[in-house]
Structure formats: structure tokens, C-alpha cells
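**Q** Structure of the sequence below:
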Amino acid sequence: MPIFDSLAEKYDRWFETPLGRYVAAAEKRLVLDLAAPVPGEKMLDVGIGTGFFTTDFLKRGLDITGIDISEEMMAYARKKGFRNLSVGDACHLAYPDETFSLVLSITALEFINTPERAISEMMRVCKKGGRIVVGTLGAHSLWALKRKREVRKNPGSVFKEAHFYTFQELKKLALKFGKRFSVRGAVFAPPYDNAPSICTGKIIEGLCQHLCPGLGAFLIFRIDKE
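**A** Below is the predicted model:
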């Protein structure tokens with residue numbers, strides 16, 4: 001998709017900024033905590049992009065398959081050592097039932113028009129006893145307000161068609177597909193790349209994750225398939 005193709009070069013580079021490093025550390029820590037990767041297990045990444053969030057899984061020895069709508073994004077993932085990648089549709093996964101023990105999707109759900117269909121497909125290809133872990137952008141954060149202002153100024157923004165999820169929306173979505181699930185949040189720093197914002201984020205991150213996860217810029221849920 002052209003709008004994501006144009007972001008391929010910039011995506012990883014943003015995470016090299018001071019604010020980006022803080023965000024990456026907070027989000028990756030939460031992703032790994034919920035995903036609990038096991039070396040050798042088969043994993044599907046729905047919306048793998050440049051592979052930024054999946055490199056930690058590759059280092060841990062998982063057998064990773066990835067799909068994305070952007071060939072340009074995946075070109076960067078291939079440079080990082082990912083091999084089993086293809087263009088694919090999250091709502092029509094081209095894999096047999098119960099193929100993967102872990103299904104991951106990070107910051108892709110907010111761009112999918114039929115999220116329930118996508119989650120249903122992830123559950124279908126997930127093995128019994130496996131889990132799906134889905135991270136998305138939160139609605140009740142300063143980051144969401146900044147992104148919405150960006151859309152008003154720039155109609156061509158990648159966030160124009162994005163749906164920012166509330167904590168309750170994700171809980172309801174997870175509950176439709178499993179009895180065993182958890183929803184958490186991360187990234188509570190103001191969305192400004194300066195020392196005061198980053199320092200504030202580092203101080204309050206742990207406390208806010210426990211007390212007010214729904215205010216996080218990044219929300220994530222795990223469903224265990226029984």
C-alpha cells in the first residue's frame with residue numbers, strides 16, 4: 001500500500017530518536033512479557049512491517065512467518081534476517097487452522113476496517129493452548145490528540161483512516177474470542193522529543209501501567225486459545 005510504502009525508510013529511524021528509544025523500550029518490554037516467546041515455536045506476525053517489533057523474537061529462535069500489505073516495509077525486514085515473508089490480508093489469512101502457537105500483530109489493527117474478522121482469523125490459525133497478542137494505538141492519550149491534530153493539518157497523514165482504541169473497546173473485543181485474556185497499556189510520556197517529556201515518562205511509566213493502563217498511547221491484549 002503506497003502510504004505505508006512511503007513510511008518504510010522513516011519507521012525504524014524514528015525509533016532511534018531519544019523519544020523513540022523510550023517508546024520502543026516500553027512497548028517491546030510489554031510485547032515480550034505478554035507473548036512469552038518459546039524458542040523453536042511457530043509464530044505468525046500479522047503486519048510485520050520492517051520487523052522492528054519482531055527482531056527480539058527472531059533472536060530468541062522462533063520460527064517466524066510474517067505478512068504485511070507493504071512490500072517496501074518487508075524489504076527492510078528481509079535485511080534483518082526474516083525469510084518467510086509475503087504480502088497478505090489480515091482478514092483472510094492463507095494458512096490452515098491451528099498452524100501457529102503464537103500469533104502477533106503490533107500497530108496494525110487500528111488500520112483494519114473489520115477488526116473482528118482479523119481477530120477471528122488470528123484465532124483460527126492459532127493452535128489450541130496457544131495465544132494471540134495484539135498491540136494497537138490508544139485513544140485516551142496525548143499521543144492520540146496530537147495525531148488527530150496532525151490529520152486536520154495533513155489530510156494525507158497515515159493516521160487519517162486509523163481507529164484509536166479505548167481500553168474498554170479492547171476488553172470487549174478480547175472477551176468475544178476468549179475467556180482467558182488480559183489487556184494492558186504502556187507509553188505515558190508526553191509526545192514531545194525533549195528531555196523533560198522523556199524523563200517524565202521514565203518516572204511514571206511503571207506506576208501508570210498499574211494504575212491507569214487505559215491512558216497509555218500503546219494498548220495491548222493477549223487471548224489464550226483454549
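**Q** contacts and neighbour counts: CA atoms only from here.
**A** Noted.
**Q** so how many other residues sit close to residue 164?
**A** A count of nearby residues for residue 164, using other CA atoms under 10 Å, gives 23.
**Q** Identify the residues contacting the closest residue to it other than its chain neighbours.
**A** The spatially closest residue to residue 164, leaving aside those adjacent along the chain, is residue 139, at 4.6 Å (CA to CA, 6 or more residues apart in numbering). Residue 139 sits next to 164, 165, 166, 215, 217 when contact means CA atoms under 8 Å, 6 or more residues apart in numbering.
**Q** pLDDT wise, what is the closest residue to residue 193 other than its chain neighbours at?
**A** Excluding the flanking residues, the one nearest residue 193 by CA to CA, 6+ apart is residue 19, at 5.0 Å. Per-residue pLDDT puts residue 19 at 96.
**Q** Show me how far stretch 182-202 is from its chain's centre.
**A** Put simply, stretch 182-202 sits 17 Å off its chain's centre (CA atoms, centre = their mean, to the nearest Å).
**Q** quick one: the helices in the chain?
**A** For the chain, the helices defined by DSSP state H cover 2-5, 8-14, 18-35, 55-59, 71-79, 115-125, 142-153, 167-177, 195-211.
**Q** Run a quick neighbour tally on the residue nearest to residue 219 when sequence neighbours are not counted.
**A** Closest residue to residue 219 apart from its sequence neighbours, by CA to CA, 6+ apart: residue 185 at 4.3 Å. Residue 185: 27 surrounding residues under other CA under 10 Å.
**Q** Now pLDDT and distance to residue 82 too, for the contacts of residue 139, in JSON lines please.
**A** Below are these laid out as JSON lines (pLDDT from 0 to 100; distance: CA to CA, whole Å):
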{"residue": "164", "pLDDT": "96", "distance to residue 82": "29"}
{"residue": "165", "pLDDT": "97", "distance to residue 82": "30"}
{"residue": "166", "pLDDT": "97", "distance to residue 82": "32"}
{"residue": "215", "pLDDT": "97", "distance to residue 82": "33"}
{"residue": "217", "pLDDT": "98", "distance to residue 82": "28"}
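**Q** And the furthest pair within these?
**A** Across the contacts of residue 139, the longest distance by CA to CA is 11.8 Å; it joins 164 and 215.
**Q** pLDDT score assigned to the most far-flung residue of the chain relative to its centre?
**A** Note on the chain: the largest C-alpha distance from the chain mean falls to residue 196, namely 26.2 Å (CA atoms, centre = their mean). pLDDT recorded at residue 196 is 96.
**Q** repeat for residue 160
**A** Note on residue 160: pLDDT of 89.
**Q** so what's the spatially closest residue to it that is not a sequence neighbour up against?
**A** The shortest distance from residue 160 to any non-neighbouring residue, by CA to CA, 6+ apart, is to residue 151 (5.6 Å). Contact partners of residue 151, counting by CA under 8 Å, 6+ apart, are 157, 159, 160.
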